[in-house]
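Undergrad: Return a 3D structure for these sequence lines:
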Amino acid sequence: MHKPLPKSIAVIVVLMLGSSLAACSFEPKLRVPPAPSDKMSYTAGQSPQKTVAPGGLAGKAQSLQYGTELHEEWWKLFRSKALDTLIATGLKNSPTIAAAQAQMREAQAAAKANASIFYPQITGNLQANRSKVTGATFGGNGGIHYSLINSSIGVSYYPDIFGVNRLVYRNSEELVKYQQWELEAAKLTLTGNIVTTAVDEAATEEQIQATRAIIAKEKNLLELTQNQYQAGAIDYSTVMTQKGQMASELATLPPLEQQLAVYRHELAILIGAFPANVKPQNFTISELKLPEKIPVSLPSKLLQQRPDIRAVMAQMKAANAQIGEARAQFYPTVQLSASFGDAASHPGIFFDPVSSIWSLVGAMSQPIFEGGKLEAQKAEAHAAYDVTYANYRSTILNAFDQVANGLRAVEHDAQTLAAQREALQASREALKLAQASYRAGATDYLTLLTAEVQYNTAKIAEIKAQSQRYQDTAALLVALGGGWWNHPDVKTAAQPGPKHS
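TA: Residues are numbered from 1 along each chain as shown. The predicted structure follows:
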């Protein structure tokens, strides 16, 4: 029969498991910048409330609803199935997202490893030894043979008297949260890039179509100019001027086609595919519905909804725990260990009570002199916290800057599009009049050429103004956090390992 574990050992084990409950902590109170007031405006001056309505494509008025929250993933406000498909593919296949997910799993594994310090470490050992010792050592002949069989179970534990273990784990917990928020930030950046690149592609395609239509008109006008020259109504220099005008328009096509190829290649990379393996989407701006109501979070909500702000906050908490670790290094470290087992020279008596062995060990170490290392480590921890504190303030300021810029951009984009629409309408009417007058011989070619240039410029400017309105609306929604909290797969509350207060 195995000899019972001595009561003293059982008492030690119980004390080891419960000692951390009475531990103290040297972690200071978290120091954070004051939160912005919800009464504060994002912009200088009066914040925009509603935009003008330019009319036509992307021409509806947009109202900015302050204090409301986005209730769906932000890109779905554009009501485009093609866009939803692109983003779903990108979130699934992007190597950037895969890397962020792997970094989060790495942090979670590290946190679980650090959590093991809260529990006793138990190891089992079994050893069998057969040895011969020479008898000449004792003045005899021959040798002495003996066997030794040893088995034991060892328990070691570091009581968290000064809270170091909890601070190490708290640091790793916050690093897990940091990686979770970095993952959300990566998703937000990816979806924003997909939307803006898709809009750029669609706008460039429309510019190409508009340019080709302009070139077709230029050809017709060139034929008219040549007929007038043959009829003796104009001189040959006018024909050459029109040829030069058409050649100038033709020269704008290759750069636009190159830019279209670049956007398509970029879009392929964003969704995690090789450019050669992706069929052109033929995505058009007309497929998008401009959001008429834009929810604008309160400043306090913005701090909760921006993944980059939440990530830096997690870094601050991790750095704060490191200050506590540095402070705790000035105090003793305690280790408790116990082992029990059997040792015998023959298997037959291995389980005999007389063969039992056990030991109890308590050790404490206290830093006395380390050449200023501990003070330097504490100063380093405080400086590291100051860095994250400044980064937190900078991140908040950048976030408010982006929202303020987005609000003004939405306001001014509508005004720009309205002005461009008026300019396009005026230039279209002017061109019609100039063409009719030129055919009748009442207007010289210079007047017609001027009307052509103005119309062509206004047409391209209108397309750019349309796409800019979509892009700046997307940028504002991204700046407000993007609605990541509405995604069914988001589980930011889940943390690995046990909780310790």
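Undergrad: all strands of the protein, in order?
TA: For the chain, the strands defined by DSSP state E cover 63-66, 121-134, 143-157, 293-296, 333-344, 356-365.
Undergrad: And those strands: which comes nearest Val164?
TA: strand 333-344 (7.7 Å; C-beta to C-beta). (Glycine included, C-beta is placed from N, CA and C.)
Undergrad: Could you give the average pLDDT over the closest one?
TA: Per-region confidence: strand 333-344 scores 80 on mean pLDDT.
Undergrad: what residues does stretch 478-489 touch?
TA: Stretch 478-489 is contacted by residues 70-74, 184, 187-189, 191-192, 295-297, 302, 305-307, 399, 402-403, 405-406, 477, 490 when judged by C-beta atoms under 8 Å, 6 or more residues apart in numbering.
Undergrad: do the same with stretch 420-428
TA: Residues contacting stretch 420-428 (C-beta under 8 Å, 6+ apart): 54-56, 59, 451, 454-455, 457-459, 461-462, 465.
Undergrad: Need the max-distance pair from the residues you listed.
TA: Gly59 and Ala451 (24.7 Å).
Undergrad: Of those two, give the one with the bigger neighbour count.
TA: Neighbour count, other C-beta atoms under 10 Å: between Gly59 and Ala451, Ala451 has more, with 22 against 16.
Undergrad: hang on, the earlier thing: now restrict the contacts of stretch 478-489 to buried residues only.
TA: 70, 73-74, 184, 187-189, 191-192, 295-297, 302, 305-307, 399, 402-403, 405-406, 477 (16 or more other C-beta atoms under 10 Å).
Undergrad: show me what contacts Ala434?
TA: 443, 447-448, 450-452.
Undergrad: which residues are contacting stretch 167-186?
TA: 25-27, 96-97, 100-101, 103-104, 106-108, 110-111, 114-115, 117-118, 307-308, 310-311, 314-315, 317-318, 321-322, 324-325, 328, 484, 490, 492, 495-497, 500.
Undergrad: Go again with 6 Å.
TA: 27, 96-97, 100, 103-104, 107-108, 110-111, 114-115, 307-308, 310-311, 314-315, 317-318, 321-322, 324-325, 484, 492, 495 (C-beta atoms under 6 Å, 6 or more residues apart in numbering).
Undergrad: Kindly report the same for stretch 276-286.
TA: By C-beta under 6 Å, 6+ apart, stretch 276-286 touches 82, 198, 201-202, 264, 268, 466.
Undergrad: I'd like those residues written out as a markdown table, with pLDDT and neighbour count added.
TA: A markdown table is the format used below for the contacts of stretch 276-286 (pLDDT from 0 to 100; neighbours: other C-beta atoms under 10 Å):
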| residue | pLDDT | neighbour count |
| --- | --- | --- |
| Ala82 | 89 | 16 |
| Ala198 | 93 | 31 |
| Glu201 | 93 | 25 |
| Ala202 | 92 | 26 |
| Arg264 | 93 | 21 |
| Ala268 | 94 | 19 |
| Gln466 | 93 | 27 |
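Undergrad: Whichever of the contacts of stretch 420-428 end up buried, select them in PyMOL.
TA: The buried residues among the contacts of stretch 420-428 can be selected in PyMOL (16+ other C-beta under 10 Å) with this line:
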select buried, resi 54+59+451+454+455+458+459+461+462+465
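Undergrad: Show me the contacts of stretch 420-428 that map onto helices.
TA: Within those, residues falling in helices by DSSP state H are 451, 454-455, 457-459, 461-462, 465.
Undergrad: Can you add distance to Gln335 and pLDDT and give these back as CSV?
TA: Shown next, in CSV, are the ones in helices among the contacts of stretch 420-428 (distance: C-beta to C-beta, whole Å; pLDDT from 0 to 100):
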residue, distance to Gln335, pLDDT
Ala451, 91, 89
Gln454, 85, 91
Tyr455, 85, 91
Thr457, 80, 89
Ala458, 81, 92
Lys459, 80, 91
Ala461, 75, 93
Glu462, 76, 93
Ala465, 71, 94
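Undergrad: and of these, the nearest to Asp386?
TA: Closest to Asp386, out of all of these and judged by C-beta to C-beta, is Ala465, at 45.4 Å.
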